[in-house]
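Asks: Sharing a model that was predicted from the sequence below.
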Amino acid sequence: AKENKDRGSLSLSGVQDELVGVVTDSQPNTVVVVYAPGPILLPWSAKARAIVLGFLPGQEAGNAVGQVIFGVEGPGGRLPITLPQHQNQYNFSSKQYPGVDLSETYSEELFVGYRWYHNQQQLLSQSEYAALAPLFPFGHGLAYTQFAFSSISVGTEVYKETIRDTDMHSRVLRFGTKGTLYVHDVGSNGNVHTNGFAWPGYAAQVKCTISNVGQAQGSAVGQLYLTFPASSQEPPRQLKGFQKVRLEPSESAVVTFLLTWRDLSVWDTKAGRWQVAHGDFTVEVGGSSTDLPLREIVTITDTGQIQARGALYTSHNAGGGNKDAD
């Protein structure tokens, strides 16, 4: 790829695929390191022992990749894209890409990337979708250990967590009862300052436990996906948050995702603003867009109340759009 030109295909250039195929045929214990600018085809993936996808790294890439391959550090990245099985798995028409008479038609609308795959999975039978399933899904990534997800909860109770920001100042985050996230400084004596600044617009928090059930340390990336009520006509399983945590063997950690009212809103073209959707939302948490073992249902009533596991919370814009959303 070039800055002024798209790639002609998703295949590696030249005879690289043939080269990797020959090597993996003769030595199955082969780790393939791939540097690419975006989605690529990996026709030899089933024959490689492991694949390290580095995208377009900097000058220290050799040292970083070497530490991962030799186990000094575990791989901690996750795919920010979907890797397809074959070229044009979307079955784009020429009107969609590259376009006709310098005009492209975006008929896929909101169903872009992993959202398209999830939508097809809902529309097709399991056997039909098998031909369209991605090679590696959005959010996928392996480690030298395994992780287990458990104990999901959705609530609006007071939330507190001590963090360190980029300036290494200690701060306490407090999720208030009116949907506002308060941030307080912590003094050198450990006391929390009563003053602080507030970020309005937070609707709920989702918690879960991630456990390292393997034999090596590693970094887990918990990912939260949200499916809107059917009446909103939104794509299913939209990524709304992720949390990365480094765990030793047998260690567990509770991670928290904060959902804003904007996260629960759709754009109303007539009103020209974001509007909170009403109905049942499905909250799913796991290790990738296709590995989501935890699920909870959250309901927003017509009066703007959030109900989850018995919790009841009234929004700051009950029954209307989100005035604080940007």
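Replies: The structure has been received and is ready for your questions. In this text, all values refer to a predicted model and were calculated from it rather than measured experimentally. Residues are numbered from 1 along each chain as shown.
Asks: C-alpha from now on. contacts and neighbour counts both.
Replies: Fine.
Asks: What values do phi and psi take at Ser231?
Replies: Backbone geometry at Ser231, expressed as degrees, to the nearest 10, gives phi -70, psi -20.
Asks: What distance do you get for it to Leu264?
Replies: Separation of Ser231 from Leu264 (CA to CA, to the nearest Å): 13 Å.
Asks: So those two - more neighbours on which side?
Replies: More crowded of Ser231 and Leu264, by other CA atoms under 10 Å: Leu264, with 20 against 10.
Asks: Can you tell me the closest non-neighbouring residue to that one?
Replies: Val276 (5.6 Å; CA to CA, 6 or more residues apart in numbering).
Asks: I'd assumed Thr260 was in contact with that neighbour.
Replies: No. Using CA atoms under 8 Å, Val276 makes no contact with Thr260, being 10.3 Å away.
Asks: Residues that sit against both of those two, list them.
Replies: Shared contacts of Val276 and Thr260, defined by CA atoms under 8 Å, 6 or more residues apart in numbering, are absent.
Asks: Those two: who's more crowded?
Replies: Of the pair Val276 and Thr260, Val276 is the one with more neighbours under other CA under 10 Å, namely 27 against 20.
Asks: Tell me the bridge partners for that one.
Replies: Ser265 (DSSP bridges).
Asks: Enumerate the strands of the stretch 201-326 of the chain by residue range, in sequence order.
Replies: Remark: strands assigned in the stretch 201-326 of the chain by DSSP state E, counting those that start in this stretch are 202-212, 218-227, 238-247, 252-260, 265-268, 273-276, 279-286, 294-300, 305-308, 311-314.
Asks: again with the stretch 51-200 of the chain
Replies: With DSSP E, counting those that start in this stretch as the criterion, the stretch 51-200 of the chain has strands spanning 147-155, 159-164, 170-175, 181-185, 197-199.
Asks: Lowest mean pLDDT across those, which one is that?
Replies: The minimum mean pLDDT among the strands of the stretch 51-200 of the chain belongs to strand 159-164 (a mean of 45).
Asks: any weak-confidence spans in this structure?
Replies: 1-2, 156-201, 304, 308-326 (pLDDT under 70).
Asks: give me that answer again for 50
Replies: 158-168, 178-179, 192, 194, 198, 310-326 (pLDDT under 50).
Asks: Switch the strands of the stretch 201-326 of the chain over to TSV; also include distance to Gly74.
Replies: Shown next, in TSV, are the strands of the stretch 201-326 of the chain (distance: least, CA to CA, whole Å):
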stretch	distance to Gly74
strand 202-212	13
strand 218-227	6
strand 238-247	10
strand 252-260	17
strand 265-268	37
strand 273-276	40
strand 279-286	19
strand 294-300	25
strand 305-308	36
strand 311-314	39
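Asks: Glu73 is nearest to which of these?
Replies: Judged by CA to CA, the one of the strands of the stretch 201-326 of the chain that comes nearest to Glu73 is strand 218-227, at 8.1 Å.
Asks: who does that closest one pair up with?
Replies: strand 238-247 (antiparallel), strand 279-286 (antiparallel).
Asks: how long is stretch 137-154 end to end?
Replies: 26 Å.
Asks: residues contacting the closest residue to Gly286 other than its chain neighbours?
Replies: Excluding the flanking residues, the one nearest Gly286 by CA to CA, 6+ apart is Leu292, at 4.0 Å. Residues in contact with Leu292 (CA under 8 Å, 6+ apart) are Glu284, Val285, Gly286.
Asks: out of those residues, who's nearest Lys244?
Replies: Gly286 (11.8 Å).
Asks: The closest residue to Asp263 other than its chain neighbours and Ser94, how far apart?
Replies: Closest residue to Asp263 apart from its sequence neighbours, by CA to CA, 6+ apart: Lys240 at 6.8 Å. Distance of Lys240 to Ser94, given as CA to CA: 32 Å.
Asks: quick one, which of those two is more surrounded?
Replies: It is Lys240, of Lys240 and Ser94, that has more neighbours when counted by other CA under 10 Å, with 17 against 11.
Asks: Touching, the more buried one and Tyr225? I think so.
Replies: Yes. The criterion here is CA under 8 Å, and Lys240 meets it with Tyr225 at 5.6 Å.
Asks: which parts of stretch 86-104 are buried?
Replies: His86 (16 or more other CA atoms under 10 Å).
Asks: I'd like the numbering to begin with 13 instead of 1 from here.
Replies: New numbering, starting at 13: the last item is stretch 98-116.
Asks: Now the terminal residues of it, how far apart.
Replies: Start-to-end, stretch 98-116 (CA to CA) is 22 Å.
Asks: How far off centre is that stretch?
Replies: Offset of stretch 98-116 from its chain centre (CA atoms, centre = their mean, to the nearest Å): 26 Å.
Asks: Over to stretch 220-231?
Replies: On CA atoms, centre = their mean, the centre of stretch 220-231 falls 18 Å from that of its chain.
Asks: do stretch 31-51 as well
Replies: With CA atoms, centre = their mean, you get 26 Å for stretch 31-51.
Asks: which outside residues touch that stretch?
Replies: 13, 22, 56, 59-69, 93-96.
Asks: I'd like the distance between the residue nearest to Gly298 and Glu263.
Replies: 20 Å.
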